[in-house]
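Colleague: mind looking at a prediction? Sequence and model below.
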Amino acid sequence: MTDTLATGAARPDRLRGGRRRERVGPGGDPMAPDPAETPTREGHTDVVLDCGWGRLVFGQTFADQAAVAAVLRSEAAGSRDICIYLRDPHVLVSRLPDELFIDPSLTYRLPLGDHRPTDDVPGLAIRPLADAADADAVNRIYARNGMVTAGVDVLVANARTDRFLHLVAEDAAGEIVGTITGVDHVAVFDDPDDGASLWCLTVDFNTAPPGTGQALITALAARLVERGRAYVDLSVLAENAGAIRLYERLGFYRTSTLCVKRKNPINERLFLPATPEGYDQLNPYAKIVADEAMRRGIRVEVTDPAWGELRLSSGGRTVLTRESLSELTSAVAMSRCDDKRVTRRILAEAGLSVPRGRTATGDDGDTAFLAEAGQVVVKPARGEQGNGITVGVRSPEALAAAVELAARFCPDVLIEEMHPGEDLRVVVIDHEVVAVAVRRPASIIGDGVHEIAELIERQSRRRAAATGGESRIPLDDMTRDVLAEAGHELHDVLPEGQVLAVRRTANLHTGGTIHDVTGDLHPAIADACVAASRALDIPVTGLDLLVEAPDRPEHVFIEANERPGLANHEPQPTAERFVNLLFPGTRAPQRLWTPAGPGGAA
């Protein structure tokens, strides 16, 4: 897409504030006037022009940069506003680097005084845009070339004013194969420089005859000459070498004009840094952090893609991260989460609720605790991803087997009283609740045709595809034990519609699913989670609890994770809040958790 702008020779008799000093180049030759330094006529201030695909903000008509910022901030979703001819645009962008950026385009100007039309393209007619059918055809070309489309009514209405010169190129068959838009600055704000702009020059590359783009430019220039305009300006991406060669061949020359745009999804490729080497090898938990950092213009280095390690830099600050774990988490805080026994002790000393438990000793004390609790959970004191955990142990024989399994992953084994309820994960960042989810064990749904083993394999493939390979259901002894407890074997055919859990724990790495309940969290649980993060003195943590229901106050803490998977909690702003913590100077307005109920909303 071609953007454009324009001005012309000075007209001192029409200027507010007296005669402008003539500008000269290094060789003493007169230079074209700088529109940003041109005073505007009385009554033409804060000029904004709706073009359908977005608005042109004429910076030279604004006395206050804050007013320009307010206009750009009011940009409609799906639109692309452009501020042109702003004096000192770099100053405005430096004040709002999270919201605005300097467009990486070059501005070219064509003097119209000596303009001579070129030969016509055979079979091509250039005419004004006339009606909705023409506007629809223009939008089809815009869409085909990846440009922002415009409202049909707006295009037609604009074409009927003297502010716009909407032209279309029609081939011999009557099909519209190209379009160009001119903006007459004199008609818009009585421009003392007699300027004009060229916008949205594009053609249908499949059907337009060679020379269509050039024909549109020269046709627009001829109409501007008839109006007495002095210059027409356009901006073009610096990487568009082919278009630049065309403009220079037609007599355009470079100027120093810059454009300011708002950081929005349409403009992302213009302001986001280049994708770093190794990015494609990152897992979803590291990639979501890299994406958020790059969105803000933070430099991202992938230092170890397999490990999920990044080096993030902004200004003079550099932070190393591994997924959601960063240098801001101290080694002490990490060790408190690493050993579940230490986690339990710290939370209990802070007055928080944890299940009764003990370290396995392999003697009568273990069986006595089992007899008292009735049902227990056995887990390695240190470990992750649900490895070595056995849920629902009821007999001394099962206890001995569960302790032996857990000891394969860690010599220290924890036995805890089992609490019924839903498995809740609460992500706390900077001591504020950001996301809450119920986690459920992997399950399958019978179809009356396929064996349980095949249903598990199918569900496992779906989970792997949805999580970038992070979640799979293992066909191991634990899965077979869960099936046996339900009265099934792997070769059984499950009746149609029957739901069957195939794992005891809700761990995501073994096929568990996660369901967002952030808006339902009871305030008592939220307060307890914040207190837990402060007791552990950890800036980012994923707290696992068992609850009767997310919207009820009853709960017990099971463990704390120093590296929670932020990608598991969309649409909650986990990555956004994590990068806010790392780089406070780049933070966007935050969405905080608020309790459900009267006066509260998630």
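Modeller: Done, it's in. Numbers count the residues shown, from 1 in each chain.
Colleague: from the centre of this protein, point out the most distant residue.
Modeller: residue 364 (55.9 Å; CA atoms, centre = their mean).
Colleague: state the distance from it to residue 209.
Modeller: Distance from residue 364 to residue 209, counting by CB to CB, to the nearest Å: 94 Å. Every C-beta, even on glycine, is put in place using the N, C-alpha and C of the backbone.
Colleague: ditto for residue 313
Modeller: Taken as CB to CB, the span from residue 313 to residue 209 is 50 Å.
Colleague: again, but for residue 127
Modeller: From residue 127 to residue 209 the distance is 16 Å (CB to CB).
Colleague: how about low-confidence regions in this structure?
Modeller: 1-43, 114-119, 466-468, 504, 506, 588-602 (pLDDT under 70).
Colleague: give me that answer again for 50
Modeller: Counting by pLDDT under 50, the chain contains low-confidence residues at 1, 3-31, 589-602.
Colleague: am I right that residue 360 is in contact with residue 413?
Modeller: Yes - under the criterion of CB atoms under 8 Å, residue 360 makes contact with residue 413 at 4.0 Å.
Colleague: list the contacts of the closest residue to residue 456 other than its chain neighbours.
Modeller: Leaving aside its chain neighbours, residue 456 sits nearest to residue 473 (5.4 Å; criterion: CB to CB, 6 or more residues apart in numbering). Going by CB atoms under 8 Å, 6 or more residues apart in numbering, residue 473 touches 442, 456, 459, 460, 463, 479, 502, 503, 510, 511.
Colleague: which of residue 127 and residue 209 has more neighbours?
Modeller: residue 209 (16 against 12; other CB atoms under 10 Å).
Colleague: what residues are up against the more buried one?
Modeller: By CB under 8 Å, 6+ apart, the contact set of residue 209 is 121, 122, 123, 124, 171, 177.
Colleague: let's see which of the residues you listed end up in strands.
Modeller: residue 177 (DSSP state E).
Colleague: of the contacts of residue 209, closest to residue 275?
Modeller: residue 177 (34.7 Å; CB to CB).
Colleague: from what I see, that closest one and residue 208 are in contact.
Modeller: Yes - shown here, residue 177 and residue 208 form a contact pair, counting by CB under 8 Å, at 4.0 Å.
Colleague: and for those two, which residues touch both?
Modeller: Common neighbours of residue 177 and residue 208 (CB under 8 Å, 6+ apart) are 169, 171.
Colleague: any idea how far residue 546 is from the closest residue to residue 211 other than its chain neighbours?
Modeller: Distance criterion CB to CB, 6+ apart; nearest residue to residue 211, sequence neighbours excluded, is residue 121 at 4.5 Å. Separation of residue 121 from residue 546 (CB to CB): 74 Å.
Colleague: pull out the buried positions in stretch 568-586.
Modeller: 568-569, 572-583, 586 (16 or more other CB atoms under 10 Å).
Colleague: one more: stretch 273-280?
Modeller: Those would be 276, 278, 279, for stretch 273-280 by 16+ other CB under 10 Å.
Colleague: which helix or strand contains residue 457?
Modeller: Per DSSP states H and E: residue 457 is located in helix 452-466.
Colleague: among the contacts of residue 473, the buried ones, what's the PyMOL command?
Modeller: Buried members of the contacts of residue 473, defined by 16+ other CB under 10 Å, are picked up in PyMOL with:
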select buried, resi 442+456+459+460+463+479+502+503+510+511
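Colleague: let me have the contacts of residue 473 in TSV, extended by distance to residue 266.
Modeller: Converted to TSV, these look like this (distance: CB to CB, whole Å):
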residue	distance to residue 266
442	40
456	43
459	38
460	38
463	34
479	47
502	45
503	43
510	41
511	38
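Colleague: out of the contacts of residue 473, which one sits closest to residue 335?
Modeller: Using CB to CB, these come closest to residue 335 at residue 510, 25.4 Å.
Colleague: surely the closest one touches residue 474?
Modeller: Yes - in this structure, residue 510 is within contact of residue 474 by CB under 8 Å, at 6.1 Å.
Colleague: and the nearest residue to residue 67 once chain neighbours are set aside, its phi and psi?
Modeller: Distance criterion CB to CB, 6+ apart; nearest residue to residue 67, sequence neighbours excluded, is residue 46 at 6.0 Å. For residue 46, the backbone dihedrals are phi 50, psi 50 (criterion: degrees, to the nearest 10).
Colleague: swap in the one 3 residues further on?
Modeller: Main-chain dihedrals, residue 49, degrees, to the nearest 10: phi -120, psi 120.
Colleague: neighbours of it, just the number please.
Modeller: By other CB under 10 Å, neighbour count at residue 49 equals 17.
Colleague: you'd agree it is up against residue 61?
Modeller: No - with contact defined as CB under 8 Å, residue 49 does not count as touching residue 61 (10.5 Å).
Colleague: give me the common contacts of these two.
Modeller: Joint contacts of residue 49 and residue 61 (CB under 8 Å, 6+ apart) do not exist.
Colleague: save the contacts of residue 209 as a markdown table, and put in distance to residue 90 and neighbour count too.
Modeller: Converted to a markdown table, the contacts of residue 209 look like this (distance: CB to CB, whole Å; neighbours: other CB atoms under 10 Å):
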| residue | distance to residue 90 | neighbour count |
| --- | --- | --- |
| 121 | 41 | 20 |
| 122 | 47 | 8 |
| 123 | 47 | 10 |
| 124 | 42 | 19 |
| 171 | 44 | 18 |
| 177 | 39 | 20 |
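Colleague: which pair in the contacts of residue 209 spans the largest distance?
Modeller: 122 and 177 (13.4 Å).
Colleague: thanks again, I'm all set now.
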